[in-house]
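K.L.:
Quick one, fold the following:
(2 chains)
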There are 2 protein chains.
Amino acid sequence: MRIAIDAMGGDNAPGAEVQGALEAAREWGIGITLVGDEAQIRAEAAKHGGLPPSVEVLHASEVITTHDEPTRAFRTKKDASMVVAARLVKEGQADALLTAGSTGALVVIGTLGIGRMKGIARPALGTIFPTLQDPVFVLDVGATVDCRPDWLVQFALMGDVYSREVLGLASPRISLLNNGVEAEKGNALTKATYPLLQAAPGIRFAGNIEARDVPFGVTDVVVADGFAGNVLLKMYEGVGLALMKGLKQALTASPVSSLGALLAKPALKGFAKKFDYTEYGGALLLGLKAPVVKCHGASDPKAIKSGIRVMKAALEGRVIDKLSAALEAYQSVHAEE
Amino acid sequence: MRIAIDAMGGDNAPGAEVQGALEAAREWGIGITLVGDEAQIRAEAAKHGGLPPSVEVLHASEVITTHDEPTRAFRTKKDASMVVAARLVKEGQADALLTAGSTGALVVIGTLGIGRMKGIARPALGTIFPTLQDPVFVLDVGATVDCRPDWLVQFALMGDVYSREVLGLASPRISLLNNGVEAEKGNALTKATYPLLQAAPGIRFAGNIEARDVPFGVTDVVVADGFAGNVLLKMYEGVGLALMKGLKQALTASPVSSLGALLAKPALKGFAKKFDYTEYGGALLLGLKAPVVKCHGASDPKAIKSGIRVMKAALEGRVIDKLSAALEAYQSVHAEE
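P.N.:
Residues are numbered from 1 along each chain as shown, chains lettered A, B, ... in the order given. Reported below is the predicted structural model:
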């Protein structure tokens, strides 16, 4: 197992990437190729005990930023760390790609550089949402912002396979994000998708879900177009951060409430940890010929390491092979109709 | 000023509607017509000191439920409380309509029963989001789930007028909900809308906003299609409720944290109140010939009363007249182009 890591992608690059990769390599013995500015990478590695034998460095002279237009960046920045890392996967020198760089660039570079899986029209970014009960896997949270109904069915199939093979659920419930739970509710896209999901063989379609119910963990997989899914993800993050900030301000406003907060601190910390996205690390860009993990741009070393754990699970669960098989089975049933 | 209230709409109808209406009528001296089952309404009124002189009851024998298909319900349930209340407004016997019933039904009944304002293709549901700073007005949160770019521009104009005339902002910042802040980001709809908003005269377009930033109150008006806006609204509500529930569980898990929570209780309560949607009461269905307020289905009397306060402000601010004038000004500039 070898993972190509774009060491220059995130806000804290390459420090976070290098430290997270070294810890993962030491703990799990994974082969990692760090792609990016070699001098910077080696300097960061030196701060954390140097490079273990399973970690290699591949120099890349350019970096893709959020200001780069993705398709143009893929064509012109041929020595960008993300492009070079994708090439390693394409050429079989690595099994998977991890980056904390621009999502837009990753979707293009993943699709053009690594290639789509047979039977998948567009990739989807899937991520784990912590909830009051078990975590929920949500896709697409931002890869394909204009969707067709059959693409959402493909997302559902990918969510189903991922939940079974990596998250270990026997029979995951698949829900469609909608503006009402009734079958007839929705916009043109969700109305057209609903009957397709009902008819899709092999998945357990649990109907529509409203955003309000997502944080309560009443389903296992939420399917959405990349625009609505992105709103869902970012609102989760935004409300969480705003409430925590507001709570802190409220609790420290008086000496009595400050004392109360002090006594309740371990409980509050445990609670905050439960809803901490860095514990879950990374979104998976599904639908490509190899596993691709996108870590949050603000990732610290812990988040990078979590992303590598997600990647390891996807590789060990042979998600790509199983997904191919599921898509073939779906298409053969579909072709018979 | 006379408001027609659909007394049978919400989950707690007609109790919440009647009590909220009576309190509002006594406090602000507003004329109110309660529409619905007369016997039930009078029985509820008797529990709260009877009907003040400015409150009338109009019997309606039917009720529209969330299971009714809206257009069919409008055509066949002619004596439904929501339909009758809309007719009062249409015929000039009331100035405005308030309901806690089905949003889908209200959009159809408002549009067909009261009629659209000149220059507005589709109505938008606008509501106030509490934030860490000042509240933000968001529209559309669920009236028009499939939008065209020029409709979003109309929503922006309505949001601008509402913020200035009712919320009292001198120069409201208008932001477009998107999956990235850069001008070139977005799905087909937001990409096409961006330049139209940039070119729209008389509004202060502040560019794209990501959902993550909405709870921090960094803008005044957020414009979205009704599907994405609905996800934004319901995720706000869902995350808030889930975090509060999780926090409560965490704080009561041990005696020490329970004591801490007790000491911090006033601070926690003040904090919860700040984010309490019942304080803001009701969404406005904008774009019709009269103000229409939709209260949350789970509204209690306090939420109904808040909805009436929103309605009162819209009537006193002469929102409809000012909106008509703004739309005419926009169209005359547009026609010159």
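K.L.:
Who are the contact partners of the residue nearest to residue A:113 when sequence neighbours are not counted?
P.N.:
Using C-beta to C-beta, 6 or more residues apart in numbering or on different chains and skipping residues adjacent in sequence, the residue nearest residue A:113 is residue A:86, 3.4 Å away. The way it works is simple: take the backbone N, C-alpha and C, and place the C-beta from them, glycine included. The neighbourhood of residue A:86, defined by C-beta atoms under 8 Å, 6 or more residues apart in numbering or on different chains, consists of A:4, A:97, A:109-110, A:113-114.
K.L.:
are any of those buried, and which?
P.N.:
Using 16 or more other C-beta atoms under 10 Å in any protein chain shown as the burial test, these include A:4, A:97, A:109-110, A:113-114 as buried.
K.L.:
Okay, and which of those residues map to strands?
P.N.:
Counting by DSSP state E, the part of the buried ones among the contacts of residue A:86 found in strands is A:4, A:97.
K.L.:
The buried ones among the contacts of residue A:86 into JSON lines, with extra columns for pLDDT?
P.N.:
As requested, the buried ones among the contacts of residue A:86 are exported to JSON lines (pLDDT from 0 to 100):
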{"residue": "A:4", "pLDDT": "98"}
{"residue": "A:97", "pLDDT": "97"}
{"residue": "A:109", "pLDDT": "96"}
{"residue": "A:110", "pLDDT": "95"}
{"residue": "A:113", "pLDDT": "94"}
{"residue": "A:114", "pLDDT": "96"}
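K.L.:
Which of the buried ones among the contacts of residue A:86 sits closest to residue A:82?
P.N.:
Nearest to residue A:82 among the buried ones among the contacts of residue A:86: residue A:109, at 5.5 Å, using C-beta to C-beta.
K.L.:
List of residues touching the helix or strand of chain A with the lowest mean pLDDT?
P.N.:
Here the helix or strand of chain A ranked lowest by mean pLDDT, DSSP states H and E is helix A:265-274, holding a mean of 75. For helix A:265-274, contacts defined as C-beta under 8 Å, 6+ apart pick out A:130, A:244, A:261, A:279, B:246-247, B:250-251, B:253-254, B:256-257, B:260.
K.L.:
Which of these fall within helices?
P.N.:
A:244, A:261, B:246-247, B:250-251, B:256-257, B:260 (DSSP state H).
K.L.:
Can you flag the buried ones in the residues you listed?
P.N.:
Of these, these count as buried by 16+ other C-beta under 10 Å: A:244, A:261, B:246-247, B:250-251, B:257, B:260.
K.L.:
what ranges of the stretch 201-337 of chain A fall below the confidence cut-off?
P.N.:
A:274-281, A:333-337 (pLDDT under 70).
K.L.:
Please enumerate the strands of it.
P.N.:
A:204-209, A:221-223, A:283-286, A:292-294 (DSSP state E, counting those that start in this stretch).
K.L.:
closest one to chain B among these?
P.N.:
strand A:204-209 (9.9 Å; C-beta to the nearest C-beta).
K.L.:
And the closest one, how far out from the chain middle?
P.N.:
Strand A:204-209 sits 22 Å away from the centroid of its parent chain (C-alpha atoms, centre = their mean, to the nearest Å).
K.L.:
So in that sheet, which strands flank the helix or strand harbouring residue A:126, and in what orientation?
P.N.:
Residue A:126 belongs to strand A:124-129 when assigned by DSSP states H and E. Here strand A:124-129 has these sheet partners by DSSP bridges: strand A:136-139 (antiparallel), strand A:283-286 (antiparallel).
K.L.:
For residue B:12, which of the ones you listed is the nearest?
P.N.:
strand A:136-139 (30.2 Å).
K.L.:
ok, then the element right after the closest one?
P.N.:
helix A:149-165.
K.L.:
Residue A:169 - nearest residue in space that isn't next to it in sequence?
P.N.:
Residue A:169 sits nearest to residue A:163 (C-beta to C-beta, 6+ apart), 4.7 Å away.
K.L.:
residues in contact with the one you found?
P.N.:
A:137, A:169, A:172, A:220-221.
K.L.:
can you give me the helices for the stretch 51-200 of chain A?
P.N.:
A:70-76, A:81-90, A:103-109, A:149-165, A:188-199 (DSSP state H, counting those that start in this stretch).
K.L.:
Just to check, residue A:96 is in contact with residue A:288?
P.N.:
No - checked against C-beta atoms under 8 Å, the pair residue A:96 and residue A:288 is beyond contact range at 9.8 Å.
K.L.:
quick one: low-confidence parts of the stretch 1-150 of chain A?
P.N.:
Using pLDDT under 70, nothing in the stretch 1-150 of chain A is flagged.
K.L.:
Can you name the residue of it nearest chain B?
P.N.:
For the stretch 1-150 of chain A, C-beta to the nearest C-beta, closest residue to chain B: residue A:145, 3.9 Å.
K.L.:
What is the neighbour count of that residue?
P.N.:
25 (other C-beta atoms under 10 Å in any protein chain shown).
K.L.:
Next one: it from residue B:68, what distance?
P.N.:
33 Å (C-beta to C-beta, to the nearest Å).
K.L.:
Then residue A:46?
P.N.:
69 Å.
K.L.:
again, but for residue A:110
P.N.:
From residue A:110 to residue B:68 the distance is 46 Å (C-beta to C-beta).
K.L.:
for residue A:73, same thing?
P.N.:
Where residue B:68 is concerned, residue A:73 sits at a distance of 51 Å (C-beta to C-beta).
K.L.:
Equivalent analysis for residue A:108, please.
P.N.:
On the measure of C-beta to C-beta, residue A:108 and residue B:68 end up 46 Å apart.
K.L.:
How far off centre is whichever strand or helix holds residue A:17?
P.N.:
Element membership of residue A:17 [criterion: DSSP H and E] is helix A:15-28. Chain-centre distance of helix A:15-28: 19 Å, with C-alpha atoms, centre = their mean.
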